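In: predicted model, plus sequence, below.
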Amino acid sequence: EVQLVESGGGLVQAGGSLRLSCAASGFTFEDHDLAWFRQAPGKEREGVACIRSADGGPYYADSVKGRFTISRDNAKNTVYLQMNSLKPEDTGVYYCNVRNVNAMDYWGKGTLVTVSS
């Protein structure tokens with residue numbers, strides 16, 4: 001059974017930093033691309049960052065480029081999202097995502113990030 005468990009969210013002032021973690025199990029971690037999504041109140045879920053399995057190459061949404069860094073530790077089956085220079089518009093629930101070979105998406109329950117102005 002695929003399980004994704006996010007942690008590290010919280011309340012932070014604008015300009016601050018948080019580091020999110022996602023502990024994964026139930027699949028071959030090193031063989032899968034992993035992603036972070038977020039959903040702000042009243043808005044649709046959007047992709048934030050993705051990291052490839054093959055070379056660890058990252059992709060970032062324009063809104064977070066230069067401020068967020070995604071990384072993975074295949075030995076710990078964990079993916080991270082380092083978030084710096086946080087803005088109030090970064091507020092939302094952050095979800096970890098993995099897609100299997102049949103294009104089925106798996107999600108964690110999310111971790112809430114609140115950035116105060």
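Out: In hand now; what should we look at?

In: in the sheet, which residues pair with V113? Tell me.
Out: For V113, the beta-bridge partners under DSSP bridges are G10, G92.

In: wait, it sits on E89?
Out: No: here V113 does not reach E89: they are 11.1 Å apart, not a contact under CB atoms under 8 Å. C-beta here means a position set from N, CA and C on the backbone, and glycine is covered the same way.

In: so those two - more neighbours on which side?
Out: Taking neighbours as other CB atoms under 10 Å, V113 and E89 compare with V113 leading, 22 against 11.

In: and the closest residue to D31 other than its chain neighbours, how far from Q82?
Out: Distances taken as CB to CB, 6 or more residues apart in numbering place S53 nearest to D31, at 5.5 Å, with adjacent residues excluded. Separation of S53 from Q82 (CB to CB, to the nearest Å) stands at 19 Å.

In: check S17 too.
Out: From S17 across to Q82, the span is 7 Å (CB to CB).

In: and the two? which has more neighbours close in?
Out: Q82 (15 against 11).

In: name the helices or strands packed onto whatever helix or strand that one lives in?
Out: Following DSSP states H and E, one finds Q82 within strand 78-83. Helices and strands touching strand 78-83, as assessed by 3 or more CB pairs under 8 Å, 6 or more residues apart in numbering; DSSP states H and E, comprise strand 18-25, strand 34-39, strand 46-51, strand 68-73.
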